[in-house]
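**Q** Coordinates only, no sequence provided:
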């Protein structure tokens with residue numbers, strides 16, 4: 001069993017930065033894919049970024065490319081999301097997720113087996 005706990009959310013002005021962390025407990029294998037998703041009020045949960053735990057492959061939603069960076073620290077079993085040049089439309093609850101089997105597409109919530117409780121990010125204009 002894997003448990004994920006996000007932290008680092010908060011209130012920031014447009015143009016500012018935040019770094020989210022996701023501490024993972026349990027056994028994280030190199031085959032896992034770790035992802036960040038977000039959900040704004042009244043909207044579906046959407047893909048933000050993902051990284052393969054055992055390699056360097058990453059992917060990003062078009063809306064965050066060039067502004068957000070996903071990374072991980074294997075020794076600390078912690079996932080990060082560095083968010084720069086934040087916009088009001090980035091306001092959402094951000095979730096960390098783990099896919100045990102690299103189910104083929106990193107973009108779909110249904111492919112992820114474990115989820116954190118979420119952390120709120122609010123960007124003011």
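**A** Noted; the coordinates are in hand. Predicted model, so just to flag it, every value in this text is computed and none were measured.

**Q** ok, the residue nearest the centre of the chain to residue 9 distance?
**A** Geometric centre of the chain, nearest residue: residue 36, 1.9 Å, by CA atoms, centre = their mean. Distance from residue 36 to residue 9, counting by CB to CB, to the nearest Å: 12 Å. C-beta coordinates here come from the backbone N, C-alpha and C atoms, glycine included.

**Q** With residue 88 instead?
**A** On the measure of CB to CB, residue 88 and residue 9 end up 15 Å apart.

**Q** out of these two, which sits in the busier spot?
**A** Remark: of residue 88 and residue 9, residue 9 carries more neighbours, 18 against 11, as counted by other CB atoms under 10 Å.

**Q** one step back: looks like the residue nearest to the centre of the chain contacts residue 51 (just checking).
**A** No: using CB atoms under 8 Å, residue 36 is not in contact with residue 51; the gap is 9.0 Å.

**Q** Overlap in contacts, those two.
**A** Residues touching both residue 36 and residue 51 (CB atoms under 8 Å, 6 or more residues apart in numbering): 70, 79.

**Q** one step back: for the residue nearest to the centre of the chain, give me its contacts.
**A** With CB under 8 Å, 6+ apart, residue 36 has these contacts: 20, 22, 48-50, 70, 79, 81, 94-97.

**Q** Secondary structure, pLDDT and neighbour count for the residues you listed - can I get that in JSON lines?
**A** Converted to JSON lines, those look like this (DSSP: H, G, I helix; E, B strand; the rest coil; pLDDT from 0 to 100; neighbours: other CB atoms under 10 Å):
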{"residue": "20", "secondary structure": "strand", "pLDDT": "98", "neighbour count": "24"}
{"residue": "22", "secondary structure": "strand", "pLDDT": "98", "neighbour count": "25"}
{"residue": "48", "secondary structure": "strand", "pLDDT": "98", "neighbour count": "24"}
{"residue": "49", "secondary structure": "strand", "pLDDT": "98", "neighbour count": "24"}
{"residue": "50", "secondary structure": "strand", "pLDDT": "97", "neighbour count": "25"}
{"residue": "70", "secondary structure": "strand", "pLDDT": "97", "neighbour count": "20"}
{"residue": "79", "secondary structure": "strand", "pLDDT": "96", "neighbour count": "28"}
{"residue": "81", "secondary structure": "strand", "pLDDT": "98", "neighbour count": "26"}
{"residue": "94", "secondary structure": "strand", "pLDDT": "98", "neighbour count": "23"}
{"residue": "95", "secondary structure": "strand", "pLDDT": "98", "neighbour count": "23"}
{"residue": "96", "secondary structure": "strand", "pLDDT": "98", "neighbour count": "28"}
{"residue": "97", "secondary structure": "strand", "pLDDT": "97", "neighbour count": "23"}
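
**Q** Thanks a lot, catch you later.
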